[in-house]
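> Below: sequence and its predicted model.
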Amino acid sequence: MFCHPIPPRKFLSYFCNIMPPRSASINVGTEKLHYLVSGTGKQLLLAFHGYGEEASLFTPLSALLGEQYTILSFDLPHHGGSIWQGNSQLTTPALVHIVRQLMNMFGVSKIALTGNSMGGRVCITIIDEMPEVVSRATLIATDGLAKDFFYNLFTQTFIGKRVFRNLLTRPAKYFKAIEWLRKLKWIDESRYKFVMHYLGSEGSRSSLGRIWPAMSALQPNHARVKTLIRNYKIPVHIFMGK
């Protein structure tokens with residue numbers, strides 16, 4: 001393997017001059033969304049992690065982008081330092097209000113976005129609702145590019161919600177059905193691994209039962225988002241795995 005050498009001074013300048021991120025929070029009704037602030041740049045970058053991650057996922061960004069951006073990395077509901085009740089949702093109007101508040105607080109008229117997995121759906125929702133303020137977006141292994149049949153079934157329909165609650169409380173009786181759906185290729189390997197992992201322990205099932213409903217109100221209009229990206233000429237970079 002060939003490794004390109006990094007000059008020691010340049011390496012140290014990246015990693016030794018980073019100030020620890022500052023902890024902050026913003027009220028969302030009776031809930032509290034925690035975020036980390038890093039970087040000192042004039043532009044504002046909002047970063048949203050994926051399922052089971054935390055705001056600290058994006059801390060390394062300040063080493064490379066901290067002079068250009070002030071980076072706000074969020075703990076989504078039921079993650080990290082955010083204080084969120086079990087039956088509360090992060091709604092689209094609440095998300096828009098949060099973004100407006102932060103833009104006023106930091107005195108900017110534009111924001112950049114980055115999101116991983118579930119956090120990508122947050123970014124896409126922001127583009128859908130307020131494209132005029134988005135300067136660019138970077139989406140990593142993102143959710144929200146298309147409707148997910150099972151997610152929408154379990155979070156948007158009456159019968160689906162009942163099945164979802166039953167699945168979380170008595171998962172063993174569903175394992176054969178899940179294997180059957182896998183063999184029929186109604187569930188791909190990625191979703192199969194996700195389901196089997198998060199149904200494997202009581203703690204994982206409890207987290208899934210809180211997080212999915214809390215984020216289920218963010219349902220961007222995909223056709224409209226595509227049109228808005230073109231009309232507002234928003235640079236969007238998407239990085240996906242195999």
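Received the coordinates, thanks.
> Could I get the full set of helices for the chain?
For the chain, the helices defined by DSSP state H cover 8-15, 61-65, 92-106, 118-129, 149-156, 158-169, 175-183, 189-198, 202-215, 222-231.
> looking at the ones you listed, which is closest to Q85?
Between Q85 and those, the shortest gap by C-beta to C-beta is with helix 202-215, which sits at 8.9 Å. For every residue, glycine as well, the C-beta is placed using N, CA and C.
> mind listing what I234 touches?
I127, P131, V134, S135, R136, A137, L228 (C-beta atoms under 8 Å, 6 or more residues apart in numbering).
> redo that, cut-off 6 Å
V134 (C-beta atoms under 6 Å, 6 or more residues apart in numbering).
> and the gap between it and K176?
I234 sits 46 Å away from K176, going by C-beta to C-beta, to the nearest Å.
> Can you list phi and psi of the nearest residue to T91 once chain neighbours are set aside for me?
In space, and not counting its chain neighbours, T91 is closest to A217: 4.6 Å by C-beta to C-beta, 6 or more residues apart in numbering. Backbone torsions of A217, given as degrees, to the nearest 10, read phi -80, psi -20.
> Give the rounded mean pLDDT of stretch 177-185.
The average pLDDT within stretch 177-185 is 80.
> do stretch 83-91 as well
pLDDT averaged over stretch 83-91 gives 89.
> Between the two ends of that stretch, how far is it?
Using C-alpha to C-alpha, to the nearest Å, the end-to-end distance of stretch 83-91 comes out at 16 Å.
> Would you indicate which residues of that stretch are buried?
Under the neighbour-count criterion of 16 or more other C-beta atoms under 10 Å, stretch 83-91 has W84, S88, Q89, L90 buried.
> cool, stretch 102-112 as well?
So for stretch 102-112, counting by 16+ other C-beta under 10 Å, buried means L102, M103, V108, I111, A112.
> what about this protein, any weak spots by pLDDT?
1-18 (pLDDT under 70).
> just to revisit the earlier point, for the residue nearest to T91, give its distance to K193.
A217 is 26 Å from K193, by C-beta to C-beta.
> Identify, from the buried residues of stretch 83-91, the entry nearest to S25.
Using C-beta to C-beta, the buried residues of stretch 83-91 come closest to S25 at W84, 11.4 Å.
> Go ahead and confirm G81 touches D75.
Yes: assessed by C-beta atoms under 6 Å, G81 is found in contact with D75 at 5.3 Å.
> got any residues that touch both of the two?
By C-beta under 6 Å, 6+ apart, G81 and D75 have these common neighbours: H34.
> higher neighbour count, those two?
A direct count of neighbours by other C-beta atoms under 10 Å for G81 and D75 places D75 higher, at 25 against 17.
> Check whether that one really touches K32, as I assumed.
No: if you go by C-beta under 6 Å, D75 and K32 don't touch, sitting 9.7 Å apart.
> returning to that earlier point: what separates the residue nearest to T91 from T125, distance-wise?
Counting by C-beta to C-beta, the gap from A217 to T125 is 9 Å.
> ok, the residue nearest to the spatial centre of the chain - contacts?
Most central in the chain under C-alpha atoms, centre = their mean is G119, positioned 1.1 Å from the mean C-alpha point. Taking C-beta under 6 Å, 6+ apart, we find G119 in contact with F48, H49, G50.
> I'd like these as a markdown table, with distance to G144 appended.
Conversion of the contacts of G119 to a markdown table gives the following (distance: C-beta to C-beta, whole Å):
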| residue | distance to G144 |
| --- | --- |
| F48 | 11 |
| H49 | 14 |
| G50 | 11 |
